[in-house]
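*Asks:* Using only what follows, build the 3D model:
(chains A and B)
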Amino acid sequence: MEQLPLHPAEESDRPLMLLTAPQLRSPVTTQSIMGNVLIALAPAVVASVVIFGPRALLVEAVSVASCMGFEWLWCLLRKTPNTVGDLSAAVTGVLLAFNVPVTIPLYMVVIGAFVAIILTKELFGGIGCNFANPAIVGRIFLAVAFPVAMTTFVAPALGGSADLVSSATPLSPAADALRHLELFFGRYAGVLGETSSAAILVGFVWLLVKRIITWHVPVVYVGLVCLFSLLTGHDVMEQVLSGGLLLGAVFMATDYTTTPSTLRGRIVFAVGCAVITCVIRFWGNLNEGVAYSILFMNLLVPHIDVVFVNTPVGGEARG
Amino acid sequence: MGRLIQSVRSRLHSVELRGIHIPHNKATAELPTVLMPLPSQVILPMHMHVGAACTPQVKRRAHVDVGTLVGHSDARMSADIFSPVSGTVKEIRSLHYSHGKADEALVIVPDGEQTVDESVRPPEVSDYVSLVEAVRHSGIVGLGGAGFPTWLKMDSDLSNIDCWLVNGAECEPYLSSDYREMVEKPDDILRALTTCLDLSGVPRAQICIENNKPKAIELLRVKAAASDPRIEVFELPARYPQGASRVILRNVTGRSVPRGGHLTDVGALLFNVTTMGEIGRFLQTGMPLTKRRITVMGDAIERPQNLEVFIGTPIGEILEFCGLRSEPRKVVIGGPMMGITQVELDAPLTRATSGLLAFTNELVDSPKTTACIRCGACIDNCPIRLAPIDIQKAYQRRDVGALDRLMADLCVECGSCSYVCPAKQPLAQSTRFARAFLRAEQRKAKGRG
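*Replies:* Next up, the predicted model:
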């Protein structure tokens, strides 16, 4: 097939350049977007180290290094341009590490990175072509392959909350509030990145300020989970603050490649995620409700993209 | 929660089109217009407008005056060309544009006298037909960049037109020539509008200005209120591309132009603000379009400014007049979003050009194209709500059916998609190709059917 002429005459010795409009381009690049996502993930990285100790950082480092390493190796073997510099593999690495407990053997992290980067991303064409979120597939693969290692949660390394707990126990509403507070700041056993809701919300604000994502998907997703919890009589705060809901809603259900391309489509996607999450949580017995819900909706994205399209100004409605 | 739902709904069914934020960079906005002296020669291409090319009306070595008719076509869709200087026709030669097309051009060497042709006198206008006929012989075309013959636009069926829109958005970054028109010549604009409204029977006019030009808004609002209550000023959000005709129409009236249709189909006429000002001046003096205001800017320019330039002045002489700080590597005719690059400095300034930009370091690095990450920025930011990335993919496989479904023909070529794309995909360029391809295929299909 004939290729589009991209930027003709750019390198020639012609004194003046011949280029097509627009001459002006925004400074935003894939790399700057992924860099901002990494910055948004940083508070949760810090929280994971504070909560679980220095091994958390080791797990995260191994995950990032192996994700970037696999991508680099793939590009090398396939003789394609090296795409490690766009930092998307680093984001996958951090997200994958956030989905494993601190005690996980490191070789399992490397296997997870292989599944995420090679099997889920590169085999389907690399960045922008993967059908599902690589970190989620990596997590689900690890959960299925190593169920014991993936559910050996340890209590937070951080001490000092015992006094607070004992002093507040007599009043049960206060105890409830305290438990929610503990959940909010992440002082409970779980995987690395899911525990501290506060850190994830800080990252969410960063993504909004930097206009990397819009508020629609996380708010609709979490809002609907709240609503369904309320309707079915579950503890709303516990549903929101525990498990990977916030991590998934902020960082995974907003992944560009694996979510619909129109706003309407993205909202439908968020609604679907909320419904599946609640069904799995309330009536199923899987730990990975959020991960499965996002994966299922990832698979529906091509169909959502066909049905929920924008109607151009002056065009007849379609879709 | 109610407000939240409302916000979602208003975004989904937004009447106001959002557009994108681009740094305005209008450093020349407050500089008064300077008249550029006579150039060493003027080069008048015979095809400076949409429609049929003119044929030269004068021979080599003939003497011409300011306002002498030098180019004319018998085709309806065309606009006459007048000499901006008095002098001698040096030659009639061919001219090659940077987009690859060739044209015939008159080269006139000014004698410095600037004697005015005796045919130049204020037109006698008594009704709308005579107004249109007068404008027909003024050489005025859409001065915002379109170059569409103005009289032809005025000559459409006015029975269902309820609003005479004037485009003073000037949404392109860098450019401030329309702004200077509004600030320096508000009376010309208003006089032309009043005459047009009087004679055409259109009930009202709206001058649409982006809200980053508060002085122009205030000035025209006060003057319009004093002179003609039918003329209003409409504030547009300062977001690119408010100046695109379909976007302005949608934001001012809430109407959309149907596929393959024109503004007149939905009851509106739209003229650039400088075009209206030029009509005002023409009605008073009878001097056809021979000069125009342009913004000269860019990091290679020593003295960025607004210049009134004789049409046909070689752009190299304009750059020289403004001073070159360094050797330019890129010269842009028009604004940085929709303008085209010019590779030859002896090419002339044409009628529809509102800016001339020269760059040495800024805007010269073409970013490297990387893989699409499906971020949807091109879709979210398209003023027409098209899907540029899907159009590009459909064009790459030459899928006429898909391009038709995606309505590639509605593109206004504003370039927002290419601007916002983080992967630096050539989306605007692809859509331009796709549109031309789709139109050609549709014509072919029609011819067969």
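*Asks:* report the longest helix in chain B, please.
*Replies:* Ranked by residue count and defined by DSSP state H, the top helix of chain B is helix B:427-448.
*Asks:* now for that one, which elements pack on it?
*Replies:* When contacts are defined as 3 or more CB pairs under 8 Å, 6 or more residues apart in numbering or on different chains; DSSP states H and E, helix B:427-448 sits against helix B:388-396, helix B:400-405, helix B:416-420. Every C-beta, even on glycine, is put in place using the N, C-alpha and C of the backbone.
*Asks:* which ones are touching the residue nearest to A:T258 when sequence neighbours are not counted?
*Replies:* When the adjacent residues along the chain are set aside, A:T258 lies closest to A:N298, with 4.5 Å between them (CB to CB, 6 or more residues apart in numbering or on different chains). When the contact criterion is CB atoms under 8 Å, 6 or more residues apart in numbering or on different chains, the partners of A:N298 are A:F131, A:A132, A:N133, A:I136, A:T258, A:T259.
*Asks:* how about TSV for these, with neighbour count, secondary structure and pLDDT added?
*Replies:* Below are these laid out as TSV (neighbours: other CB atoms under 10 Å in any protein chain shown; DSSP: H, G, I helix; E, B strand; the rest coil; pLDDT from 0 to 100):
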residue	neighbour count	secondary structure	pLDDT
A:F131	16	coil	91
A:A132	22	coil	94
A:N133	27	coil	94
A:I136	29	helix	94
A:T258	24	coil	93
A:T259	26	coil	93
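*Asks:* Relative to A:V275, which of these is nearest.
*Replies:* Each of these was checked against A:V275 using CB to CB; the closest is A:T259, at 15.9 Å.
*Asks:* I'd guessed that closest one sits against A:A253; true?
*Replies:* Yes - under the criterion of CB atoms under 8 Å, A:T259 lies in contact with A:A253, with a separation of 6.7 Å.
*Asks:* what do the two both touch?
*Replies:* Common neighbours of A:T259 and A:A253 (CB under 8 Å, 6+ apart) are A:V217, A:F269.
*Asks:* domain assignment for chain B?
*Replies:* B:129-285, B:368-448 (automatic domain parsing).
*Asks:* With adjacent residues omitted, what lies nearest to the residue of chain A found nearest chain B?
*Replies:* Each residue of chain A has a distance to chain B, by CB to the nearest CB, and the smallest belongs to A:P22, at 3.3 Å. Counting by CB to CB, 6+ apart, A:P22 lies nearest to B:G415, which is 3.3 Å off, once chain neighbours are set aside.
*Asks:* what sits against B:C421?
*Replies:* The neighbours of B:C421, taking CB under 8 Å, 6+ apart as the test, are A:R25, A:S26, B:A377, B:C378, B:L427.
*Asks:* which among those residues end up buried?
*Replies:* Restricting the contacts of B:C421 to buried positions leaves A:R25, A:S26, B:A377, B:C378, B:L427, with burial counted as 16 or more other CB atoms under 10 Å in any protein chain shown.
*Asks:* picking that back up, tabulate the helices and strands packed on helix B:427-448 (JSON lines), appending mean pLDDT and mean neighbour count.
*Replies:* Converted to JSON lines, the helices and strands packed on helix B:427-448 look like this (pLDDT from 0 to 100; neighbours: other CB atoms under 10 Å in any protein chain shown):
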{"stretch": "helix B:388-396", "mean pLDDT": "95", "mean neighbour count": "22"}
{"stretch": "helix B:400-405", "mean pLDDT": "93", "mean neighbour count": "16"}
{"stretch": "helix B:416-420", "mean pLDDT": "93", "mean neighbour count": "26"}
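*Asks:* how about these, which one is nearest chain A?
*Replies:* In this view, the helices and strands packed on helix B:427-448 are compared for proximity to chain A by CB to the nearest CB, and helix B:416-420 is the closest at 5.3 Å.
*Asks:* Identify the residues contacting that closest one?
*Replies:* With contact meaning CB under 8 Å, 6+ apart, helix B:416-420 is reached by A:21-22, A:24-26, A:28, B:19-20, B:22, B:240-241, B:337, B:377-378, B:381-383, B:388-389, B:424-429, B:431.
*Asks:* repeat for stretch A:37-52
*Replies:* By CB under 8 Å, 6+ apart, the list of residues contacting stretch A:37-52 from outside reads A:56-57, A:60, A:87, A:90-91, A:94-95, A:98, A:102, A:154, A:156-158, A:186-187, A:192-193, A:195-196, A:198-200, A:202-204, A:206-207, A:210, A:212, A:247, A:251.
*Asks:* Quick check on these: which are buried?
*Replies:* So, by 16+ other CB under 10 Å, the buried ones in these are A:56-57, A:60, A:87, A:90-91, A:94-95, A:98, A:102, A:156, A:186-187, A:192-193, A:195-196, A:198-200, A:202-204, A:206-207, A:210, A:212, A:247, A:251.
*Asks:* what residue ranges in the stretch 51-200 of chain B score low on pLDDT?
*Replies:* In the predicted model, the stretch 51-200 of chain B carries pLDDT under 70 at residues B:98-99.
*Asks:* Save the helices and strands packed on helix B:427-448 as a markdown table, and put in distance to B:K26 too.
*Replies:* Output for those, formatted as a markdown table (distance: least, CB to CB, whole Å):
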| stretch | distance to B:K26 |
| --- | --- |
| helix B:388-396 | 27 |
| helix B:400-405 | 36 |
| helix B:416-420 | 17 |
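*Asks:* what's the closest of these to B:Q305?
*Replies:* Nearest to B:Q305, of all the helices and strands packed on helix B:427-448, is helix B:416-420, at 26.1 Å by CB to CB.
*Asks:* okay, now the closest residue to chain A within the stretch 151-300 of chain B: neighbour count?
*Replies:* In the stretch 151-300 of chain B, no residue comes nearer to chain A than B:S256, which is 4.1 Å away by CB to the nearest CB. For B:S256, the number of neighbouring residues by other CB atoms under 10 Å in any protein chain shown comes to 19.
*Asks:* per-residue confidence for it?
*Replies:* What the model reports for B:S256 is a pLDDT of 87.
*Asks:* OK, contacts around it?
*Replies:* A:V313, A:G314, B:R246, B:L249, B:R250, B:V266.
*Asks:* Out of the buried ones among the contacts of B:C421, flag the one nearest to B:V141.
*Replies:* Scanning these for proximity to B:V141, where the rule is CB to CB, the winner is B:L427, at 29.0 Å.
*Asks:* Could you verify my assumption that the closest one touches B:Q392?
*Replies:* Yes - counting by CB under 8 Å, B:L427 touches B:Q392, with 5.7 Å between them.
*Asks:* Distance of the closest residue to A:V236 other than its chain neighbours relative to A:T120?
*Replies:* Spatially, and ignoring its direct neighbours in sequence, A:V236 is nearest to A:S229 (4.7 Å; CB to CB, 6+ apart). When distance is defined by CB to CB, to the nearest Å, A:S229 is 31 Å away from A:T120.
*Asks:* do B:S416 as well
*Replies:* Taking CB to CB as the measure, B:S416 and A:T120 are separated by 32 Å.
*Asks:* what helix or strand is the nearest residue to A:F114 once chain neighbours are set aside on?
*Replies:* Leaving aside its chain neighbours, A:F114 sits nearest to A:F70 (6.0 Å; criterion: CB to CB, 6+ apart). In this structure, A:F70 sits in helix A:54-78 according to DSSP states H and E.
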